[in-house]
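Build the 3D model from these lines:
(2 chains)
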Amino acid sequence: MDYKQQVAAALSDAVDGALSTEDIYNKIERPKDSKMGDYAFPAFVLAKVLKKAPQQIATDLIEKIDQSKFEKIQAVGPYVNFFLDKAIFSSDVLSQVIKAGASYGDNDSGEGGNVPIDLSSPNIAKPISMGHLRSTVIGNSISEILKKNGYNPIKDNHLGDWGTQFGKLIVAYKKWGVEEDVKKDPITNLVKYYVRFHKEDVDQPELDDEAREWFKKLEDGDKEATRLWTWFREESLKSFNAIYEKLGVEFDTFNGEAFYNDKMQEGIDWLKKMGLLKESQGAQVVDLEKYNLNPALILKSDGASLYITRDIATAIYRDKTYKPAMNLYVVGSEQTYYFQQLKAVLLEMGLPSAKELHHIPFGLITVNGKKLSTRSGRIILLDEVLDDSINMAKKQISEKNPDLPNKDEVAKQVGVGAIIFGDLKNERTNSIDFNLEDQLRFEGETGPYVQYSHARAESILRKAGDTEINADNTIMTDPEAWDTIKTLADFPATVIEAKEEFEPSDIAKYAIRLAKTFNKYYAHSKILEEDDEKSARLALVKSVSVVLKESLRLLGVQAPDQM
RNA sequence: GUCGCAAUAGCUCAGCUGGAUAGAGCAACGGUCUUCUAAACCGUAGGUCGAGGGUUCGAAUCUCUCUUGCGACACCA
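So this is what the prediction gives:
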């Protein structure tokens, strides 16, 4: 039931058509403080039409409004404040949550539409850093959020397994590489060669020519180049998968750039057929002047492909394979301009899904204000941060709850949860200057705080045993209970909002808000006390537990029952 | 240089389509564990919302100018 609609209807009747119900609906707001009611209507908007002072209008309105459906309605200054009938509202919300369980907040607005999502996308032969964390966990969360909104997301780890850097890597390996070292610790050693390459090519520019040659060989299917490439790729994937497992992220496809290597011609032919390709300084470009963008370079002057060539192939492939409702790319905000160009090219080509291509940018992770870079060795390894966090969680458990069963498993859930939640709680596009201390904080508005709140709720439910949980008769007198119930009621709208903005932080902030209001309730009420309201209180605790767990799930964070 | 994004408490950030005294967390100071997990709760202190103009009954929010920071600007991804 839409209670805001009920408020709008009541107002609409009282103003005699001075304002449409829809206009009224849009003007209704939520007071910051519960003491000022559950919904409020600012009378300013009527001042002009009625030529009266807003305070007067507010006072007049409460005389005319049918108050029977509300607990009370008050005029406070220029506002009309509505107080909902708590018993009806509470029973309504709690019985909905308990009946629906984890599917509370589900909607089917996505109509089952396919949504390929580009996420994570680490580069072969390079370590997974904190930078990749963002794409991985944001993409993973958006995938869960889309599912909850009725879409069918397809998570594609668009591996950086192609490109000129492989020419460089092959050259470096052939010059300085040791097979045993790579087998022992692939990423570390491959990176070592790569970094050395970039040191030496400053004085020996001919190295870059060699690298270009080797990449061309790779593109042409040369045997040795292919063998080395395959090997580097396999070793790298092994080490990536260990990290993905720790994070609890799974993918549907691993269609990296190499996958599209033999699919680029179709896009090029398409562009040619439509007369979109033009020669410019020896290279092939698409003019994008009508989009107010610089020309997009499609083929290098030596005929080799570029990032965009493969992305065009990707878009065509996805279009054909999935008939996507949306096509998403979770990639850093530094590539915003590039994605504008890509979308413009695809629009020019008339690709059906081009209109629904969305770049989902996120802010940069820096260290002391400087960009991370494998070449310069300025890098924070995700795996190390995760392990630090897990160890921190272990320490906390041995201090606070030494008798906890399966400590290691819980430490992993809490430690990893802290890192994921920490990344997702702020707006995507904010840039982050990395600070390990901040990452390992488990107090205040953090993942562990939300997990802890959930664990407390579960603990109460365990203690309650098989006491009846009854949501039908929920007369609860504590004001904290009322705030919690109202927050529970906000969940479905939050799920929609998060989908529309592609913004996991909406869910994370919601989870904090719910945890906070529940903790307040917990601190002020004796839930297991034997009285008439006990089963209603348990209904509230059960509902909180369900919705907290579901919120965390949407973020890709586990919710242990004890911690 | 051009374009884009940002600027809110000591630090990290919220602030919904403009609305009631600008809010959290951390850090600081003080209080609450014989009773459901103190990873919690309660309180104190802390602000010219980068600067200046404009629109409006009303601006942190919309608009313009400026300052500062970050990013992007064709043969990398």
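
In a strand, A:Arg428, correct?
No. Assignment of A:Arg428 by DSSP: H, G, I helix; E, B strand; the rest coil gives coil, placing it outside any strand.

dump the residue contacts of it.
A:138, A:360-363, A:502-505 (C-beta atoms under 8 Å, 6 or more residues apart in numbering). From N, CA and C alone the C-beta is placed, and that goes for glycine too.

Give me the subset of the residues you listed that lies in helices.
A:138, A:504-505 (DSSP state H).

other SSEs contacting the biggest helix by length in chain A?
Of all the segments of type helix in chain A, defined by DSSP H, the longest one is helix A:223-247. Contact analysis of helix A:223-247 by 3 or more C-beta pairs under 8 Å, 6 or more residues apart in numbering; DSSP states H and E lists helix A:130-148, helix A:164-176, helix A:179-184, helix A:186-200, helix A:206-219, helix A:382-400, helix A:407-424 as its packing neighbours.

can you redo those as JSON lines with distance to A:Ser120?
Formatted as JSON lines, the helices and strands packed on helix A:223-247 follow (distance: least, C-beta to C-beta, whole Å):
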{"stretch": "helix A:130-148", "distance to A:Ser120": "4"}
{"stretch": "helix A:164-176", "distance to A:Ser120": "18"}
{"stretch": "helix A:179-184", "distance to A:Ser120": "23"}
{"stretch": "helix A:186-200", "distance to A:Ser120": "15"}
{"stretch": "helix A:206-219", "distance to A:Ser120": "23"}
{"stretch": "helix A:382-400", "distance to A:Ser120": "11"}
{"stretch": "helix A:407-424", "distance to A:Ser120": "13"}
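
how about TSV for these, with mean pLDDT added?
Output for those, formatted as TSV (pLDDT from 0 to 100):
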stretch	mean pLDDT
helix A:130-148	95
helix A:164-176	90
helix A:179-184	90
helix A:186-200	87
helix A:206-219	87
helix A:382-400	94
helix A:407-424	96
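
Which residue, neighbours along the chain excluded, lies closest to A:Gly77?
If the residues on either side of it in the chain are set aside, A:Gly77 comes closest to A:Gln55, at 5.8 Å by C-beta to C-beta, 6 or more residues apart in numbering.

Run a quick neighbour tally on the one you found.
Here the count is done by other C-beta atoms under 10 Å, and A:Gln55 has 15 residues near it.

do the one 10 residues further on as well
A count of neighbours around A:Ile65, defined by other C-beta under 10 Å, yields 21.

you'd agree it is up against A:Ile73?
Yes. Contact between A:Ile65 and A:Ile73 holds when scored by C-beta atoms under 8 Å: they sit 5.8 Å apart.

joint contacts of the two?
Taking C-beta under 8 Å, 6+ apart as the contact criterion, the common neighbours of A:Ile65 and A:Ile73 are A:Val80.

mind putting the helices and strands packed on helix A:223-247 in a markdown table, mean neighbour count and distance to A:Phe518 included?
Rendered in a markdown table, the data for the helices and strands packed on helix A:223-247 read as follows (neighbours: other C-beta atoms under 10 Å; distance: least, C-beta to C-beta, whole Å):
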| stretch | mean neighbour count | distance to A:Phe518 |
| --- | --- | --- |
| helix A:130-148 | 24 | 21 |
| helix A:164-176 | 21 | 49 |
| helix A:179-184 | 12 | 49 |
| helix A:186-200 | 18 | 43 |
| helix A:206-219 | 18 | 56 |
| helix A:382-400 | 17 | 19 |
| helix A:407-424 | 23 | 17 |
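
any chance of those helices in JSON lines, plus distance to RNA strand B?
JSON lines is the format used below for the helices and strands packed on helix A:223-247 (distance: least, C-beta to the nearest atom of the strand, whole Å):
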{"stretch": "helix A:130-148", "distance to RNA strand B": "11"}
{"stretch": "helix A:164-176", "distance to RNA strand B": "5"}
{"stretch": "helix A:179-184", "distance to RNA strand B": "22"}
{"stretch": "helix A:186-200", "distance to RNA strand B": "12"}
{"stretch": "helix A:206-219", "distance to RNA strand B": "8"}
{"stretch": "helix A:382-400", "distance to RNA strand B": "4"}
{"stretch": "helix A:407-424", "distance to RNA strand B": "5"}
